[in-house]
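A.B. asks: this one's structure only:
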């Protein structure tokens, strides 16, 4: 029997017509829908093959509309909507998501309805509609919580929502992923699924560290310890100042995960960037990253060039505090002397005095 994995291999090899010829060998109608949509994504953007997309989507819709089970029908519509969103057909995508949500009205069990809603929300996220997806995730959560079922069933349902929230976060750029990860962490933490909560917490820390360049594939590489692959991806997808920031963020994650190679990444980042002039915002960003990386002399060179007095004061204060944590109090006091804002200067001096006194 032909499996979906075999068909995916054919798609990866570009044997699209063979996939269509063998599609009926797949018994599960949802799997057939998924393969048609994977094929639509594969041919999208390929010259001469874009005309395939309407027919592939129409075939997927034909299957979806004939699914008697409203749960399966809703999920199929959501999968089609996600594909259309990914391909840039926003109006059509939203129509399909509306049909998916309408299908859940026919799902009798509140527990099952919540599961279907959360699956629809996941596909909305993948399709490029994270704001709307969060609303549906919340509806799904409330639906499961309100279901009159055994406690263990309710817990299983909530855990499934947590897993889908985490999976949705995995598909988003770092900045957008944090709210999804935060909701997932709350679920796992409150239900004492400690191992799962720990994994999500690490993903939150990573997304916060590589917020500027944390595309899903870059974060996956870093989570798996493939630091150099992450650097290659940053260099491939970004250039100029964005690449500099990206490499510094990767270096910072390496530092936080105790990789001894991070100083080399910092040096290489500046070598690649050269001596191009940074904007005011760029100077602040680089000074902050260098401070967190412990490259305090370099950070100081950038910080003292910040034009805004308050921003310069905060940057210098952060450097002074890092020096104090290394117990370099005299050097820290010299940096404090460069802080132009008297209130910030006084606050940092008081903090330094407290740290020095507690040695």
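C.D. replies: Done, it's in. Computed from a predicted structure; not experimentally measured. Numbering: from 1, shown residues only.
A.B. asks: contacting residues for the closest residue in space to residue 261 that isn't next to it in sequence?
C.D. replies: Nearest-residue entry for residue 261: residue 254, 6.4 Å, with adjacent residues in sequence omitted and distances by Cβ to Cβ, 6 or more residues apart in numbering. C-betas here are computed from N, CA, C, even on glycine. By Cβ atoms under 8 Å, 6 or more residues apart in numbering, the contact set of residue 254 is 227, 261, 262, 265.
A.B. asks: Out of those, which end up buried?
C.D. replies: 227, 262, 265 (16 or more other Cβ atoms under 10 Å).
A.B. asks: just the residues you listed now: which is nearest residue 272?
C.D. replies: residue 265 (10.5 Å; Cβ to Cβ).
A.B. asks: Work out for me the element the closest one sits within.
C.D. replies: In the assignment (DSSP states H and E), residue 265 maps to helix 262-273.
A.B. asks: Next: residue 347.
C.D. replies: According to DSSP H and E, residue 347 maps onto helix 342-357.
A.B. asks: Can you name the residues in contact with that helix?
C.D. replies: Under Cβ under 8 Å, 6+ apart, the answer for helix 342-357 is 310, 313-314, 317, 320-321, 324-325, 329, 332-333, 336, 339.
A.B. asks: swap in stretch 232-251?
C.D. replies: Outside stretch 232-251, the residues that reach it (Cβ under 8 Å, 6+ apart) are 209-215, 217-218, 221-222, 227, 230-231, 262-263, 265-266, 268-270, 272-273, 276, 278-279, 282, 285-286, 289-290, 293.
A.B. asks: quick one, helices of the stretch 201-350 of the chain?
C.D. replies: Using DSSP state H, counting those that start in this stretch, the helices of the stretch 201-350 of the chain run over residues 216-223, 227-237, 240-256, 262-273, 280-292, 296-303, 309-325, 329-336, 342-357.
A.B. asks: do you know how far residue 186 is from residue 124?
C.D. replies: Residue 186 sits 20 Å away from residue 124, going by Cβ to Cβ, to the nearest Å.
A.B. asks: and these two? which has more neighbours close in?
C.D. replies: residue 124 (28 against 14; other Cβ atoms under 10 Å).
A.B. asks: check contacts around the more buried one.
C.D. replies: Contacts for residue 124 (Cβ under 8 Å, 6+ apart) come out as 78, 81, 82, 85, 97, 130, 132, 133, 136.
A.B. asks: Not including adjacent chain positions, what is the nearest residue to residue 64?
C.D. replies: residue 76 (3.6 Å).
A.B. asks: any idea which element the one you found lies in?
C.D. replies: With secondary structure defined by DSSP H and E, residue 76 is part of helix 70-86.
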